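> Quick one: sequence and predicted model below, then my questions.
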Amino acid sequence: MEQTEYLLEMKNISKFFPGVKALDQVGFTLKRGEVHVLLGENGAGKSTLMKVLAGAYVPDAGEVLVEGKKVERFSPRRAQSLGVGIIYQEFNLVPYINVAQNIFIDEFPKKWFNMRIDHKKMHVDADSLLASLSMNVDTHAIAQELPVAQQQMVEVAKALTHDLKILVMDEPTSALSDREIEKLFDMIRALTAKGIGIIFISHRLQEIPLIGDRITILRDGKYIGTREVRETTSDQMVSMMVGRDLGSLFHRDFQKSGEQVLKISNLSSKKTGLKHINLELNRGEIVGIAGLVGSGRSELARAAFQADKYEEGEVFFFGEKIKHGNPRKAIQRGMSLIPEDRKRQGLSLILTVAENIVLSSLSKLYPTGFISFKKEDEIVKKYIKDLRIATPHSRQIVQNLSGGNQQKVVLAKCLCTEAEIYIFDEPTRGIDVGAKGEIYSFMNELAKMGKAVLMISSELPEIIGMCDRIYVMREGNIVADYNKENATQEKIIAHAMGAKKEECTI
Amino acid sequence: MIANKKKKVELISSLSRFGALFILVVIGSMISDVFLSGRNISNVITNASVMIILGVGQTIAIITNGPDLSAGSIMTICAVIAAILVKTFGMFFLWAFGLAIILGIALGLLNGFMISKVGIPSFISTYGLQWAVFGFAYLILRGYVLYDFTASFRFLGNGYLFGFIQMPIAVMIIVVISGIAVMKWTTLGRRFYSVGANSESARLSGVDTDKTVIYAFMISGGLAALAGIVLVARINAVQADIGRSYLLPVIATVFMGGTSPTGGQGSIIGTVIGALIIAIVQNGMNLLAVPSEWREAIIGALIIITVLIDILVRKRFTHLQKA
C-alpha cells in the first residue's frame, strides 16, 4: 500500500511573506519510526516549514498529507489532533506550575463528574509517562526550577498525552551537555521504536550520524535534496547547505586598508558570554563576523557600540580608549550600528521616515534645539534619493514600508550622523534580493570612501563575497580568522559549527 | 493608495474629534439659550482650563513613558505650599508661586528618576508618590481649610487679561501653545515621541532615554503645580484634597484626545478637545439640572463613546483605504 508508506508527506509547499519567498515548493516526507534530520542555514526555511506543519502558518500553495490523507484547513488544534507534537527551542512550559500540571495542561484528568481536577491521578499518570521515557523527574517540582534537560523531557511527556505520531524537535541539543544529549538520543530511540516519526532540526553536523536516518536540506527556502544519512559525509551536507551562485550580487572594489579606527582588546562579559575578544578594524575595510545565531556575534557588536556593558577588556576608537560608554557617546565619536532586529532596535515604527532618519543627529542638525523643517526636508529628501528609498514622501510612517526600505531608513539614519565606522548586524535579513544587492553596493561605497565596515551575517556567501577579512565566532569566542584569499564557506561553517573534533575543545 | 493612508486616517480621526465637539455645541445651544452666551462659554473654558493645564503635562508624560498618577497630589501640595507661604509667612505672591512650581518640578524629577534610573514602572512609582504626597499635604494642613487670599493672589484665578480674557484661560492658552511648540518644533519633543515609540531603538540611536523621561515628568510636575495654583486662586480656598478629583478625568481627556496608551503617538490639541468635551457636557448637565447621581455615569459613558468612535473611525478608514 503506497498510501501508508509515509506518515507525513508535505508536497510543493510555498509560503510568501512581504518581499520574501520563505518557502518555494518545498517537499518533505517522514516514515514511521524514522528520525529525519532537517538541515539548513538560518533563514533557509526550516522553521517556516515546521510552522506550516504545526498549523501556525497557512501555506500559500502545496498540500500536507498525514497517513496518506490530505489535511484541509490546518490549524494548531487540528495539527494536535492529527498527532503532531512540536518542541520548540524556547520551551512552552508554564514556569510557575508543577510538572504534572504542565504535562496535562491541555486536558486535566477530572473527577466528581468532571467538576474537579483529579490531582492524584494526574501525578500518577505523569509519573508513568515520565517513567516510559526512563526519566526520573519529581512531578511536584515547579517547571522553572528544573534544569533545561528535564524541562525538555516534560515537554516530550506533554506531547505524549495526545496520540503522538509525529514529533518535531527544534535544535533539541543546543542547550544540553554531552551526557544529557546521550539520554535524549536514548529517548528518541524509544519513541521511534513505538513507530513515532521524529523530525530533528539541528545545526550540529557531528551528531547527525548518531541519530538520523534520513536528511533533508533546505537553502533559501528551496528544497535541495534528501539523502540517507549513512551514505552522506558531512562535507557533502555542508556543500548542499551552502550552495553557490550568489556571487554575481557582490561587487567589491578592494583597496589597501588605512588607519586603524576600532580596536577591541581582550573583551569579556559574563552576562553576554563573550570571552577574550580581540578585533581590529581599519579604514577602507569590510570585516565580517561569521558564526551561528547565538554564537555571540550580535553581543560583540553591541559591546563595541557600547550598548551593553562588559566587565573586562577595552575598546578603542581612533586609538582613544572609551570609558563609561553608551550609544550616544559611540555615535558622537563616529560609530553607528545597524541593529539585528530592525523592528525592535533599529526603528521607531510608528514615527515617520524623516523623524527616524534624523533621530541620531538631532543635536548635530539643530544645535539650538529647535527643528528647522526646511533643513530637515532637504536632508531627508537627499537620503531618500541617494539610497533609493521607496516611500511616497518623507512624512510616511515607517511601518508601511517594505523590509528592504525600512533597512535603508536605518542606514540613512546612520549616514546622517556622518559616522566613520559602520556596524551592520544581519543587514540583509528578511529583505528581497534586489534590496540585498543595493545594501551590498552601499557597503562597497562606504569602504571606497575610506569608512570602516564591520558586517555580521549568517549568510556565508555575502560574508565571503564582501569582506576583506573574516572572524569566525562560536560560543562567545573568536575561533578563527581568515583573509579574503584563504576563506572558504566550508572552512568557516566547520569552525562555526565545531564540526572538527579538535576545535570543539577551544 | 497606501501612500497617504496613515496621514489620512490621522486627519479623519482628528476631524471626528472636532466633529464631536461641534455636535455637542449644537446640542448645547438647542438645550438652552444661555449656552451660547459669551458669559457661559467663557465659564466653560475657564472651568476646563485647570484640566487642560494638567492635561498638557499628562499628555507629554503618556507619550514619553506612561501616566503620571501623582499629578493630582503634586497639584495639591504645591497649592498648599503656595497658600501657606503667602498666608502664614506673608511672602510676595509671585515668589510663592515660583517656589511652588519649583517644588512641582522637583517632584516630577523624583518621578522621572524612579522610572528611568531605578527602573520602577511609571504606573507604580507615580502612584506610590501620590500617596506619599497626599499624606504630606494632610500633615501640613491637618484638615484645616486656608481661604481668603489677597487680591493679587486671586488675580490669577479671577482677573482679566486686557480686561476681557479670564486669567485661567490666558494661562491655559500660553501652556497649550508652548506645549504644542515643544512637541512639534523642538528636538526635545522629537525625543519624547521617539522614546515613547520605541525606547530601545531611541537609546541605540543615541537618545539619552533616561534624561528624556526625567524631563517629561518634570514638565508634568511643573504644570501640575501651576494648575494647583490657578485652581486655588480661582476658588479662593485650599484644603488637603483639592487635586484628588482631577487625576482620573485628566487621564481620560488625554485618551479621549487620541493619545496612545502605549506611547509615541498623540497630540496636545487632542487633549484640549477632550477636556472641552467633558467641560461642555458638565455645563450642559448643570443647565439641564441633571441630578448629581447621574452625572458620573454620563461622563463615564461619554469617555467610552468618544474613544470608541475614534477606534471605529480609524478601523473603518484604514479598511477602506486597503480595499
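Received it, and whenever you're ready, just let me know what you need. Numbers count the residues shown, from 1 in each chain, chains lettered A, B, ... in the order given.
> pLDDT on whatever helix or strand A:His495 lives in, on average?
Assigned by DSSP states H and E, A:His495 falls within helix A:489-497. The predicted model gives helix A:489-497 an average pLDDT of 85.
> so where's the chain uncertain?
Picked chain A for this. Within chain A, the ranges that satisfy pLDDT under 70 run A:1-4, A:18-20, A:42-43, A:243-249, A:430, A:432-434, A:499-506.
> You answered for a different chain; I wanted chain B.
Ranges of chain B meeting pLDDT under 70: B:1-10, B:317-323.
> can you rerun that using 90?
Residues of chain B that meet the criterion pLDDT under 90 lie in B:1-43, B:46-47, B:86-93, B:135-166, B:235-249, B:256-263, B:281-323.
> Could I get the full set of strands for it?
Taking DSSP state E as the criterion, chain B contains strands spanning B:146-147, B:160-161, B:165-166, B:237-238.
> ranking those strands by burial, who's on top?
strand B:237-238 (a mean of 20; mean count of other Cβ atoms under 10 Å in any protein chain shown). For glycine as for every other residue, the C-beta is placed from the backbone atoms N, C-alpha and C.
> what's in contact with that one?
B:Ala79, B:Val80, B:Ala83, B:Leu141, B:Val145, B:Leu146, B:Tyr147, B:Asp148, B:Val232 (Cβ atoms under 8 Å, 6 or more residues apart in numbering or on different chains).
> What pairs with that strand, parallel or antiparallel?
Paired strands of strand B:237-238, with direction, are strand B:146-147 (antiparallel) (DSSP bridges).
> what residues does the strand it pairs with touch?
Here strand B:146-147 makes contact (Cβ under 8 Å, 6+ apart) with B:Val80, B:Ala83, B:Ile84, B:Lys87, B:Asn236, B:Ala237, B:Val238, B:Gln239.
> With respect to chain A, which of these is nearest?
B:Val80 (34.2 Å; Cβ to the nearest Cβ).
> For the closest one, give me its contacts.
B:Ala137, B:Ile140, B:Leu141, B:Leu146, B:Val238, B:Ala240.
> which of the residues you listed lies closest to A:Asp220?
Nearest to A:Asp220, judged by Cβ to Cβ, of those is B:Ala137 at 66.3 Å.
> which one is that closest one nearest to, not counting chain neighbours?
Leaving out its chain neighbours, the residue that sits closest to B:Ala137 by Cβ to Cβ, 6 or more residues apart in numbering or on different chains is B:Ala240, at 4.3 Å.
> thought B:Gly257 was touching B:Gln265?
No: counting by Cβ atoms under 8 Å, B:Gly257 stays clear of B:Gln265, with 11.1 Å between them.
> more crowded one of these two?
The residue with more neighbours, out of B:Gly257 and B:Gln265, is B:Gly257; 26 against 18, by other Cβ atoms under 10 Å in any protein chain shown.
> what's the spacing between the more buried one and chain A?
As judged by Cβ to the nearest Cβ, to the nearest Å, B:Gly257 and chain A stand 17 Å apart.
> List the residues that contact that residue.
So B:Gly257 contacts B:17, B:55, B:59, B:266-275 (Cβ under 8 Å, 6+ apart).
> please redo it, this time with the cut-off set to 10 Å
B:14, B:17, B:55, B:59, B:266-277, B:306-307, B:310 (Cβ atoms under 10 Å, 6 or more residues apart in numbering or on different chains).
> Let's have the strands of chain B in CSV, adding distance to B:Thr126.
What follows is the strands of chain B, written out as CSV (distance: least, Cβ to Cβ, whole Å):
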stretch, distance to B:Thr126
strand B:146-147, 26
strand B:160-161, 33
strand B:165-166, 31
strand B:237-238, 22
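> mind checking how far the residue positioned nearest the centre of chain B is from A:Asn356?
Closest residue to the average C-alpha location of chain B: B:Gly55 at 1.3 Å, with Cα atoms, centre = their mean. Separation of B:Gly55 from A:Asn356 (Cβ to Cβ, to the nearest Å): 28 Å.
> And for whatever residue of the stretch 51-200 of chain A ends up closest to chain B, the neighbour number?
Among all residues of the stretch 51-200 of chain A, A:Asp60 sits closest to chain B, at 19.1 Å; criterion: Cβ to the nearest Cβ. Burial of A:Asp60 is recorded as 14 neighbouring residues (other Cβ under 10 Å).
> was I right about it contacting A:Val26?
No: with contact defined as Cβ atoms under 10 Å, A:Asp60 does not reach A:Val26; the gap is 11.8 Å.
> Return every residue with contacts to both of these two.
The contact lists of A:Asp60 and A:Val26 share A:Ile13, A:Ser14, A:Lys15, A:Val52, where a contact means Cβ under 10 Å, 6+ apart.
> hmm, back to that, and the two most separated of the contacts of B:Val80?
Going by Cβ to Cβ, the pair spanning the contacts of B:Val80 furthest: B:Ala137 and B:Leu146, at 11.5 Å.
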